[in-house]
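*Asks:* here is a sequence together with a model predicted from it:
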Amino acid sequence: MLLSFRVANHRSLRSEQQLLLTPSYRADGPSDVDWEGVPVVGLFGPNASGKSNVIDAMVYMRDLVLGSLRESEPGAGVRRQPFALGIAARDEPSTFVVDLMLERVQYTYGFSVDDAQVTEEWMYSYPQKRKRLIFRRALDEYSFGDSPDSMRQVEEITESNVLFLSVAARSRQVLVRPVYDWFADIQDRKPLVAGSLRPAVMTAEALERFGYFDRLTTLLQAADTGIESAELIEETDAEFAERAARLDGLDESRTATGRAVRLAEISRRGKRRKHLVFRHRGETGTFALGLRDQSLGTRALYEMGLPVFISLDQGSSLIVDELDSSLHPYLSAQIIRLFTDSATNPLGAQLIFTSHDPTLLGRIQGAEVLHRDHIWFTEKNECGATEIFPLSDFNPRRDENRERRYLAGRYGAVPIVNDELFAAALSTREEGDDGFSGAYDQEGRP
């Protein structure tokens, strides 16, 4: 489980900020499990306060661990996004650190990077709560604890802009694999916006292959989406031929015999795709609709289904930006409860999300959605830098109305709106010296 995440000099996160996931109120959690970290963390705050940047920092750290060996060319530097509102930040490294509890052993892993290279990298473990050095790196100088000689050999093939962890894990160094595997198992989801549709073919086939198809169908039925059933339909001969022609450069200038031979070759090495169809209740029975024809909320729930199932089944972390995007608060609450309930989350999976929905801070249908140590806030200081802080800083009572107190500004992290300027910006513009009356036609033209 993730116990702590620290980040500095990444996007709006200027000074070091820490997201602490160790429980502050153990009595609030389930009594039948001994989780070292809380299963859920929700980040709340106004627009542009940096909630998404905290999520982005976690995803950036994961992606660099998993991809620095594959994507970084020698001497090409390191891709990063330091704090943009200060001149000094560009010359300072960006730092990312996690504290993990894996198989009852605590690990600390972190690194600092600038535009050119990895400036520092370190990993410690704490077996029997005693600190043990696995490796430490300062530029091109390495030190190792009680590590095999093969770890030292990895040093020789690690470029200055590549993480040592990435190379060591690919070199089958067992000492670092638990931490690397934790990063590899992280799932993440960004909000689905209107008009977009992520490719669903691989997701639908993965649902069937890994046994999640029936579970997803049940989830969509339970959400009152109007869906009665779902099925995977194999593409027709014509669809298969069209795809083969498009992917393999088969054009109309070929003869019919040549196209048939080419199609046979493709068929032997490939397989037909399947697409997802939902059956909805109608006036005279059920009607089949594809994923593209579903509401944005149904598609958002479909998108969430697979990573939620995988996270719960593996006991891994799921990172979601704007959990409430296109979802009713009751559905968001139900997803959260899958993680807070030990019956549905026996392996201690963790959900880390951002939200604008204050109803998640209170009770829905009489049940508390988030516990006191599940709630964090973000706001920006006078220099435009994000600061994060937990609800526990305010010593909240267990029974207080957190939704109402948050909306009243008792915890901060709410937008400060200038009512007069806001009203003036949205009011109809009066006719001025330029003759503009403020009127628009149906297509938005003045």
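*Replies:* Okay, I see it. Here the structure is a predicted model, which means the values were calculated and not measured.
*Asks:* the closest residue to Ser392 other than its chain neighbours: what secondary structure?
*Replies:* Ranked by Cβ to Cβ, 6 or more residues apart in numbering and with sequence neighbours excluded, the top spatial neighbour of Ser392 is Ser24, at 4.5 Å. All C-beta atoms are positioned from the backbone trio N, CA, C, and that covers glycine. Here Ser24 is recorded as coil under DSSP: H, G, I helix; E, B strand; the rest coil.
*Asks:* what's around Ser24, how many residues?
*Replies:* Using other Cβ atoms under 10 Å, Ser24 has 15 other residues around it.
*Asks:* pLDDT value on it, please?
*Replies:* pLDDT, Ser24: 92.
*Asks:* Gly258 now?
*Replies:* 58.
*Asks:* what residues are up against Gln350?
*Replies:* With contacts defined as Cβ atoms under 8 Å, 6 or more residues apart in numbering, Gln350 is in contact with 1-2, 21, 37-41, 311, 316-318, 339.
*Asks:* among these, name the buried ones.
*Replies:* Buried by 16 or more other Cβ atoms under 10 Å: 1-2, 21, 37-41, 311, 316-318, 339, out of the contacts of Gln350.
*Asks:* restricted to helices, list those.
*Replies:* Among the buried ones among the contacts of Gln350, the members falling in helices are 311, 339 (criterion: DSSP state H).
*Asks:* just the buried ones among the contacts of Gln350 now: which is nearest Pro82?
*Replies:* Proximity of the buried ones among the contacts of Gln350 to Pro82 (Cβ to Cβ) peaks at Leu2, which lies at 23.8 Å.
*Asks:* correct me if wrong: the closest one contacts Val98.
*Replies:* Yes. Using Cβ atoms under 8 Å, Leu2 makes contact with Val98 at a distance of 6.4 Å.
*Asks:* helix or strand right after the worst-scoring helix or strand of the chain on mean pLDDT?
*Replies:* Least confident helix or strand, the chain: helix 256-269 with a mean of 56, by mean pLDDT, DSSP states H and E. Sequence order places strand 274-282 as the next helix or strand after helix 256-269, per DSSP states H and E.
*Asks:* quick check: buried residues in the next helix or strand after that following strand?
*Replies:* Sequence order places strand 285-290 as the next helix or strand after strand 274-282, per DSSP H and E. Buried positions in strand 285-290, judged by neighbour count with 16+ other Cβ under 10 Å: Leu289.
*Asks:* can you offset everything so residue one is 20?
*Replies:* With the count now opening at 20, the last piece we talked about shows up as strand 304-309.
*Asks:* and the angle from strand 304-309 to strand 293-301?
*Replies:* Per axes from the mean of the first three to the mean of the last three Cα atoms, to 10 degrees, the angle that strand 304-309 makes with strand 293-301 is 150 degrees.
*Asks:* against which helices or strands is strand 304-309 packed?
*Replies:* Counting contacts by 3 or more Cβ pairs under 8 Å, 6 or more residues apart in numbering; DSSP states H and E, strand 304-309 packs against strand 293-301.
*Asks:* from the contact counts, what lies against the strand it packs on?
*Replies:* Checking 3+ Cβ pairs under 8 Å, 6+ apart, strand 293-301 ends up next to helix 220-228, strand 246-253, strand 304-309.
*Asks:* quick one: strands adjacent to the second one?
*Replies:* Yep, that's strand 246-253 we're talking about. In the sheet, strand 246-253 lines up against strand 293-301 (antiparallel) (DSSP bridges).
*Asks:* ok now the partner strand, how far from the chain's centre?
*Replies:* Computed by Cα atoms, centre = their mean, to the nearest Å, the chain-centroid distance of strand 293-301 equals 28 Å.
*Asks:* in that strand, what counts as buried?
*Replies:* Across strand 293-301, burial judged by 16+ other Cβ under 10 Å covers 294-299.
*Asks:* same question, stretch 407-416
*Replies:* Across stretch 407-416, burial judged by 16+ other Cβ under 10 Å covers 407-410, 413, 415.
*Asks:* can you check stretch 129-149 too?
*Replies:* Buried residues in stretch 129-149, counted by 16+ other Cβ under 10 Å: 129-133, 136-138, 140-144.
*Asks:* do stretch 27-43 as well
*Replies:* Buried positions in stretch 27-43, judged by neighbour count with 16+ other Cβ under 10 Å: 27-33, 36, 38-42.
*Asks:* could you do stretch 302-321 as well?
*Replies:* Buried residues in stretch 302-321, defined by neighbour count with 16+ other Cβ under 10 Å: 308, 310, 313, 315-321.
*Asks:* widest-spaced pair of those?
*Replies:* The distance between the two most remote of these (Cβ to Cβ) is 16.1 Å, for Leu308 and Ala319.
*Asks:* what's next to the biggest helix by length in the chain, contact-wise?
*Replies:* Longest helix of the chain, by residue count under DSSP H: helix 70-90. With Cβ under 8 Å, 6+ apart as the contact definition, helix 70-90 has outside contacts at 24, 26, 29-32, 36, 38, 62-64, 97, 99-100, 115, 117, 130, 132, 180-182, 184-186, 189, 199, 202-203, 205, 207, 338-341, 371-373, 397, 405, 407.
*Asks:* what subset of those residues is buried?
*Replies:* Using 16+ other Cβ under 10 Å as the burial test, those include 24, 26, 29-32, 36, 38, 62-64, 97, 99, 115, 117, 130, 132, 180-182, 184-186, 199, 202, 205, 207, 338-341, 371-373, 397, 405, 407 as buried.
*Asks:* restricted to strands, list the contacts of Gln369.
*Replies:* Of those, the ones assigned to strands by DSSP state E are 21, 59-60, 336-337.
*Asks:* just the residues you listed now: which is nearest Asn364?
*Replies:* The closest of those to Asn364 turns out to be Val59 (Cβ to Cβ; 9.5 Å).
*Asks:* what sits against the closest one?
*Replies:* Counting by Cβ under 8 Å, 6+ apart, Val59 touches 355, 358-359, 369-372, 389-390, 393.
*Asks:* where does the stretch 20-169 of the chain dip in pLDDT?
*Replies:* Nowhere does the stretch 20-169 of the chain drop to pLDDT under 70.
*Asks:* all helices of it, in order?
*Replies:* 70-90, 168-175 (DSSP state H, counting those that start in this stretch).
*Asks:* out of those, which gets nearest to Ser446?
*Replies:* Closest among the helices of the stretch 20-169 of the chain, using Cβ to Cβ: helix 70-90, at 30.0 Å.
*Asks:* buried residues in the closest one?
*Replies:* Neighbour counts over helix 70-90 (16+ other Cβ under 10 Å) mark 70-77, 79-81, 83-85, 87-88 as buried.
*Asks:* also stretch 239-254?
*Replies:* Those buried within stretch 239-254 under the rule 16+ other Cβ under 10 Å are 239, 242, 244-247, 249, 254.
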